[in-house]
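return a 3D structure for these sequence lines:
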Amino acid sequence: MPKPQVFITRHLTTKLDQLQQIATIEVWEERQPPPYTVLLKKVKTIDGLLCLLTDQIDQQLIEAAGTSFKVISQMAVGYDNIDIPVATARKIPVGHTPGVLTDATADLTWALLMAAARRVVEADRFVRGGEWRTWEPNLLLGPNITGATLGIVGFGRIGQAIARRAKGFDMKVFYTSKNRCDQELERDLGVEFTAFEHLLQEADFVTIHTPLLDETYHLFSDRQFKLMKQSAILINTARGAIVDQEALYQALANGEIAGAAIDVTDPEPIPTDSPLLSLDNLIITPHIGSASRQTREKMANMAIVNLIAGLKGERLPNCVNPEVY
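Numbering: from 1, shown residues only. Below is the predicted model of the structure:
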């Protein structure tokens with residue numbers, strides 16, 4: 001009996017031995033994602049797909065899949081690039097990799113917060129540009145982090161991990177979320193639940209950890225930036241489209257907020273002619289929230305385990321749409 005056919009849309013940071021035992025594998029080795037036309041052709045003959053956030057798995061692609069197509073396994077926590085209702089209608093389980101990247105993303109969030117507050121990137125450019133002449137009392141001043149007020153928008157695993165780190169800096173922490181967590185957890189983390197607008201008005205640092213949904217698209221736009229302190233700094237390691245980038249540019253350029261640091265943009269990658277790239281008070285990193293070696297390897301392994309389960313007709317350990325079962 002021939003082995004099932006699998007297409008992997010990028011080179012992974014782990015060995016494929018376990019998968020090779022049961023399937024014939026084709027890996028897209030280019031640095032850029034496979035073109036949509038390539039994916040459209042592949043799904044007609046394969047049994048399983050291991051994809052990334054950069055791959056568009058829409059209605060047309062899923063409906064083009066052949067009768068032998070059994071599973072979509074995504075190497076990411078989020079899955080807004082996949083049309084879940086269409087996959088569910090086709091009885092195709094969709095896997096993802098939750099939990100594993102919590103600490104790595106929280107670590108990067110904290111790195112961005114500290115870098116923005118203490119103007120680390122500006123300082124590095126200052127030195128490399130030959131501008132460092134002497135010690136100056138007013139050179140590259142930024143706000144204190146210790147004792148400041150932190151606002152966390154979205155309080156799932158990553159938001160809670162951010163709150164744990166904030167305790168070491170004696171910060172006052174507000175959070176807002178669709179659902180309030182239990183009071184015991186609030187006491188343990190030293191956080192206070194509040195309304196979104198109150199959080200914006202009070203926080204020295206605002207960090208975003210909510211998923212991209214219809215109701216969170218452009219959650220941060222002109223009105224929200226006007227509510228924030230002029231000294232506030234925004235951090236976004238969630239999804240680019242949660243922030244209206246034109247509004248962000250205006251807020252930063254006009255001094256409505258002091259700074260921002262973002263690991264995600266809309267679109268990705270950010271266009272090279274984006275006005276955001278002209279701002280000194282903005283740090284942009286290329287979606288590296290989960291980019292620790294250990295985390296990426298764990299994500300790849302989880303995605304492979306999901307894929308193998310789907311190929312065998314077994315329940316995926318981490319399934320987005322369990323109703324298919």
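
make it CA atoms for all contacts and neighbour counts henceforth
OK.

please enumerate the helices of the chain.
17-20, 36-42, 59-64, 84-89, 102-117, 120-128, 157-167, 183-189, 196-202, 222-227, 245-253, 293-311 (DSSP state H).

out of these, which comes closest to Gly48?
Ranking the helices of the chain by their distance to Gly48 (criterion: C-alpha to C-alpha) puts helix 293-311 first, at 6.7 Å.

so the residue positioned nearest the centre of the chain versus Leu277, what's the distance?
Geometric centre of the chain, nearest residue: Ala238, 4.0 Å, by C-alpha atoms, centre = their mean. Per C-alpha to C-alpha, to the nearest Å, Ala238 is found 19 Å from Leu277.

can you check Ile25 too?
Counting by C-alpha to C-alpha, the gap from Ile25 to Leu277 is 40 Å.

the two: which has the busier surroundings?
With neighbours defined as other C-alpha atoms under 10 Å, Ile25 and Leu277 compare such that Ile25 has more, 18 against 15.

separation between the more buried one and Ala309?
Following C-alpha to C-alpha, the distance that separates Ile25 from Ala309 is 15 Å.

cool, Glu202 as well?
47 Å.

Leu50 now?
12 Å.

quick one, which of those two is more surrounded?
Between Leu50 and Ala309, Leu50 has the larger neighbour count (other C-alpha under 10 Å), namely 24 against 17.

in stretch 196-207, which residues are buried?
Of all the residues in stretch 196-207, those buried under the rule 16 or more other C-alpha atoms under 10 Å are 196, 199-207.

which one of those sits closest to Thr285?
After measuring the buried residues of stretch 196-207 against Thr285 - C-alpha to C-alpha - the closest member comes out as Thr207, at 15.2 Å.

what about the closest one, distance to Leu12?
Applying C-alpha to C-alpha to Thr207 and Leu12 gives a distance of 30 Å.

same question for Val305.
14 Å.

likewise Ala260?
Using C-alpha to C-alpha, Ala260 is found at 31 Å from Leu12.

can you list the low-confidence ranges for this structure?
For the chain, no stretch has pLDDT under 70.

switch to 90 and redo it
1-2, 13 (pLDDT under 90).

the domain parsing of it - what is it?
If you go by automatic domain parsing, the domain ranges for the chain are 5-100+294-324, 102-284.

in the stretch 201-325 of the chain, which spans are strands?
Using DSSP state E, counting those that start in this stretch, the strands of the stretch 201-325 of the chain run over 205-208, 233-236, 259-262, 282-284.

let me have these in TSV, adding distance to Ile242 as columns.
What follows is those, written out as TSV (distance: least, C-alpha to C-alpha, whole Å):
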stretch	distance to Ile242
strand 205-208	9
strand 233-236	9
strand 259-262	11
strand 282-284	15
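
can you say which of those is nearest to Ile162?
strand 205-208 (8.9 Å).

other SSEs contacting the closest one?
strand 149-153, strand 233-236 (3 or more C-alpha pairs under 8 Å, 6 or more residues apart in numbering; DSSP states H and E).

can you rerun that using 10 Å?
helix 102-117, strand 149-153, helix 157-167, strand 172-176, helix 196-202, strand 233-236, strand 259-262 (3 or more C-alpha pairs under 10 Å, 6 or more residues apart in numbering; DSSP states H and E).

just the angle between the longest one and helix 293-311, please?
Angle between the axes of helix 102-117 and helix 293-311 is 140 degrees (criterion: axes from the mean of the first three to the mean of the last three C-alpha atoms, to 10 degrees).

and the angle from helix 102-117 to helix 120-128?
Here the directions of helix 102-117 and helix 120-128 differ by 50 degrees (the same axes, to 10 degrees).

CA atoms only for helix 102-117 - export them in PDB, please.
Extracted in PDB, the C-alpha atoms of helix 102-117 (Å, rounded to 0.1, in the frame of the first residue of the first chain):
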ATOM      1  CA  THR A 102       3.800  31.400  25.600                       C
ATOM      2  CA  ASP A 103       7.100  32.100  27.300                       C
ATOM      3  CA  ALA A 104       9.000  32.900  24.200                       C
ATOM      4  CA  THR A 105       6.400  35.400  23.100                       C
ATOM      5  CA  ALA A 106       6.200  36.900  26.600                       C
ATOM      6  CA  ASP A 107      10.000  37.200  26.700                       C
ATOM      7  CA  LEU A 108      10.100  39.100  23.400                       C
ATOM      8  CA  THR A 109       7.200  41.300  24.600                       C
ATOM      9  CA  TRP A 110       9.300  42.200  27.600                       C
ATOM     10  CA  ALA A 111      12.400  42.800  25.500                       C
ATOM     11  CA  LEU A 112      10.500  45.100  23.200                       C
ATOM     12  CA  LEU A 113       9.000  47.000  26.200                       C
ATOM     13  CA  MET A 114      12.400  47.500  27.700                       C
ATOM     14  CA  ALA A 115      14.000  48.400  24.500                       C
ATOM     15  CA  ALA A 116      11.400  51.000  23.700                       C
ATOM     16  CA  ALA A 117      11.400  52.500  27.200                       C
END
